[in-house]
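>>> Here is my input, please return the structure:
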Amino acid sequence: MQTEIIIAGFGGQGVLFAGQLLAYTALDNDLHVTWFPSYGPEMRGGTAHCTVIVSDEEIGSPIVRNPRAAVVMNLPSLDKYEPLVREGGVLVVNSSLVDRNPDRKDLSAIMIPANEVGEEIGDKRLANLVMVGALLQRLPVLTVEAVGQSLRKHIPEHRRNLLEANIEALKRGHALAAGEAVSA
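Numbers count the residues shown, from 1 in each chain. Next up, the predicted model:
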């Protein structure tokens, strides 16, 4: 089965890293994958998004018109990608930066205060992995445990000090999306 995911937000929110981590996890678990990044000319503050396709069969094209899921980190991304998610798909919205609920009723949509959760863990830059954890609860294409294992394997040396916080962010996002009580 093929699963298409778009992750979108401002540059500097870790959008490309989140997608790359999903791609590494798929590869580490012997799945087929594409990771297709796109970002504006600004390094920080411009727009960024990536498309990740995970499949148990060969992938014909990295181009996606109607993804099964979208993770949106800001309002412009919600405005752009909400209409594109296929009917019955999953929409994970960062309620820390988005001040409206999704309009569509034919999606499994969830609002996650990702920046606040990241700050509770110790760094608002963890919001991206809070969102990935929430996504994986609603769309279990990969497990949080598998993503954590791939993170341990692929995190750059200069970011290893954030490893446990990133894993905690994944778990907290997953628990939030499941409606479980989450303690700080």
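>>> any weak-confidence spans in this protein?
Confidence mapping of the chain against pLDDT under 70 gives the ranges 41-45, 180-184.
>>> Please enumerate the strands of it.
Using DSSP state E, the strands found in the chain span residues 2-10, 32-39, 47-55, 69-72, 90-94, 108-112.
>>> mind checking how far the residue most central in space within the chain is from D103?
Nearest to the geometric centre of the chain sits V132, at 3.7 Å (Cα atoms, centre = their mean). Going from V132 to D103 by Cβ to Cβ, to the nearest Å gives 24 Å. Heads up, the C-betas are built off the backbone N, CA and C, glycines and all.
>>> can you check Q149 too?
Per Cβ to Cβ, Q149 is found 37 Å from D103.
>>> Please identify which of those two sits among more neighbours.
Neighbours per residue, other Cβ atoms under 10 Å: of Q149 and D103, the larger number sits with Q149, 16 against 11.
>>> who touches the more buried one in this structure?
Counting by Cβ atoms under 8 Å, 6 or more residues apart in numbering, Q149 makes contact with 25, 28.
>>> Go through the top helix by length along the chain and flag the buried ones.
Ordering each helix of the chain by length in residues (DSSP state H) puts helix 163-178 first. Of the residues in helix 163-178, 166-177 count as buried by neighbour count, 16 or more other Cβ atoms under 10 Å.
>>> repeat for stretch 83-97
Applying 16+ other Cβ under 10 Å to stretch 83-97 flags 85-86, 89-94, 96-97 as buried.
>>> ok, how many other residues are close to F17?
Neighbours of F17 (other Cβ under 10 Å): 20.
>>> repeat for M1
Neighbours around M1, by other Cβ under 10 Å: 8.
>>> before we move on, what about the one 3 residues further on?
The criterion is other Cβ under 10 Å. On that basis, E4 has 24 neighbouring residues.
>>> Repeat that for the one 5 residues further on.
Here the number of neighbours of G9 (other Cβ under 10 Å) works out to 27.
>>> For Q149, see how far away it is.
Counting by Cβ to Cβ, the gap from G9 to Q149 is 25 Å.
>>> Repeat that for S96.
S96 is 28 Å from Q149, by Cβ to Cβ.
>>> Excluding chain neighbours, what is closest to V85?
A70 (5.0 Å; Cβ to Cβ, 6 or more residues apart in numbering).
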